[in-house]
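A.B. asks: I would like the atomic coordinates for the input below:
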Amino acid sequence: MKLGELASRLGAELRGDADREITGVKGIEEAGPSEITFVANPRYTALARTTRAAAVLVEPDFQEIEAATLRIKNPYHAFSRALAFFYQPPQYAPGIHPTAIVDPTAVIGEGAHIGAYAVVGPGVRLGPQATLLPHVVLYPGVQAGSRFFAHAHAVVRENCVLGDDVTLENGAIVGADGFGFAKNDAGAWEKIPQSGPVRLGSRVDVQANACVDRATVGATEVGDGTKIDNLVQVGHGSRVGENTLLCAQTGLAGSSVIGNNAILAGQVGVAGHCSVGDGAILTAQSGISHDIPAGKMISGSPGFDNKLWLRAVAIFQRLPELVKRLNRLEARLKAKSGGSAGRATGAETEE
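C.D. replies: Numbering: from 1, shown residues only. Presented below is the predicted three-dimensional model:
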């Protein structure tokens, strides 16, 4: 593809040779003379000056560099779009593999691909263009909208409801039993039935080996456009809003409520029945045991305001030095008080 055509398709302003042939997309340090790259983080500005790439996707006011530039408001998003021009994932032809098991009561939309050893249970309803790769299992009563895509070994449990354009990566489990147990009179744990389904909105992605548990009663809900990373745990009865990010190894205890456009970074933990407001950001490894207002940035465990946390961390690193100074000050004060007491005693004796 010519660089000029690429700029046109992306809606970017080109500064450079429009006839340059582009064959692919790579990172800024790996890109070669026929590839494009991007800069979205100021830390990589210096690398843009030395890159071997044919062109660099940058923001409109980015400095002039030797390489050609494609200037656009959101270079990272443009980079992802450019990737789609050069990389096409495997295509799966419509049809049902002879080893797949599809219950006769299931309703399968047009253009579906159902791979080897997949299982589609009674009463399942799949919208058009669904793709189930090998060993996917849909329990009875599952409903999924158009263009549902389930990678190998994904599982959707009974009566769960998924919107349009939902993607489940390998090993994702939607609707497994929530962690609910009650002690009986003999002191033994008895399982509480988990009767409520999971409801995923449209354009939801659930990455590899993540778990969204079904509810004890009611439903576990995830809003449109939300993305759930690898190894995330969404506890039973939780509600997650729209366009929210739950990053790797985040854990939501049961009945957590997460707002719209929130970001929970890696290994964040949210205690049960806590609420996180719209647009809140919980930085990596934050631990939350109380409600978080909308728009707040929280860090640490237990979590508190990010700016205060940054100051606290800076002080924490200086604690050994501060303790030494404190010890020296205490020693001086003791020496002073001891000397004063001695002088006072001597004066009394003379009198």
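A.B. asks: rest of the way, CA atoms for contacts and neighbours
C.D. replies: OK.
A.B. asks: what's near enough to touch the residue most central in space within the chain?
C.D. replies: Among the residues of the chain, the one closest to the centroid is Cys247, at 2.6 Å (Cα atoms, centre = their mean). Listed by Cα atoms under 8 Å, 6 or more residues apart in numbering, the contact set of Cys247 reads 228-230, 232, 263-267.
A.B. asks: Let me see the confidence value for it.
C.D. replies: Predicted confidence (pLDDT) for Cys247: 98.
A.B. asks: ok, now Arg343?
C.D. replies: Model confidence at Arg343, expressed as pLDDT, equals 58.
A.B. asks: before we move on, what about Ala31?
C.D. replies: The predicted structure lists Ala31 with a pLDDT of 95.
A.B. asks: On the three-state scheme, it is what?
C.D. replies: For Ala31, the secondary-structure state derived from DSSP: H, G, I helix; E, B strand; the rest coil is coil.
A.B. asks: sorry, back to before: out of the contacts of Cys247, list just those in strands.
C.D. replies: 228, 263-264 (DSSP state E).
A.B. asks: Let's have the residues you listed in TSV, adding pLDDT and neighbour count.
C.D. replies: Shown next, in TSV, are these (pLDDT from 0 to 100; neighbours: other Cα atoms under 10 Å):
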residue	pLDDT	neighbour count
Ile228	98	28
Ile263	98	24
Leu264	98	28
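A.B. asks: Now distance to His290 too, for these, in CSV please.
C.D. replies: Output for these, formatted as CSV (distance: Cα to Cα, whole Å):
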residue, distance to His290
Ile228, 22
Ile263, 17
Leu264, 15
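A.B. asks: What is the neighbour count of Gly225?
C.D. replies: Applying other Cα atoms under 10 Å, we find 21 other residues in the vicinity of Gly225.
A.B. asks: Isn't it up against Thr167?
C.D. replies: No - in terms of Cα atoms under 8 Å, Gly225 does not count as a neighbour of Thr167; the distance is 11.0 Å.
A.B. asks: Can you work out which residues contact both of those two?
C.D. replies: When contacts are counted by Cα under 8 Å, 6+ apart, the set common to Gly225 and Thr167 consists of 203-205.
A.B. asks: quick revisit: report the two of the contacts of Cys247 separated the most.
C.D. replies: Taking Cα to Cα, the two most distant members of the contacts of Cys247 are Asn230 and Ile263; they sit 14.8 Å apart.
A.B. asks: Show me this protein divided up by domain.
C.D. replies: Using automatic domain parsing, the domains assigned to the chain come out as 3-86, 154-316, 318-351.
A.B. asks: List the buried residues for stretch 49-58?
C.D. replies: Of the residues in stretch 49-58, those with enough neighbours to count as buried (16 or more other Cα atoms under 10 Å) are 51-58.
A.B. asks: what about that stretch, average pLDDT?
C.D. replies: Here the mean pLDDT over stretch 49-58 is 96, rounded to a whole number.
A.B. asks: ok, and what's touching that stretch?
C.D. replies: Among residues not part of stretch 49-58, those counted as contacts by Cα under 8 Å, 6+ apart are 20, 22, 28-29, 31-40, 48, 65-76, 78-79.
A.B. asks: Grab the CA positions of that stretch and hand them over as PDB.
C.D. replies: Below are the C-alpha coordinates for stretch 49-58, written out as PDB (Å, rounded to 0.1, in the frame of the first residue of the first chain):
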ATOM      1  CA  ARG A  49      14.200  10.900  15.600                       C
ATOM      2  CA  THR A  50      16.300   7.800  15.100                       C
ATOM      3  CA  THR A  51      13.700   5.300  13.900                       C
ATOM      4  CA  ARG A  52      14.300   3.400  10.600                       C
ATOM      5  CA  ALA A  53      10.500   3.400   9.900                       C
ATOM      6  CA  ALA A  54       9.200   4.800   6.700                       C
ATOM      7  CA  ALA A  55       6.700   6.900   8.500                       C
ATOM      8  CA  VAL A  56       5.500   7.600  12.100                       C
ATOM      9  CA  LEU A  57       2.000   8.200  13.300                       C
ATOM     10  CA  VAL A  58       2.100  11.300  15.500                       C
END
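A.B. asks: Could I get the full set of helices for the protein?
C.D. replies: Under the criterion DSSP state H, helices of the chain are mapped to 3-10, 45-50, 75-86, 306-317, 319-350.
A.B. asks: TSV for those, including distance to Gly300?
C.D. replies: As requested, the helices of the chain are arranged in TSV below (distance: least, Cα to Cα, whole Å):
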stretch	distance to Gly300
helix 3-10	40
helix 45-50	30
helix 75-86	29
helix 306-317	7
helix 319-350	18
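A.B. asks: quick one, which of the ones you listed is nearest to Ala294?
C.D. replies: Checking the helices of the chain against Ala294 by Cα to Cα gives helix 306-317 as the closest, at 13.9 Å.
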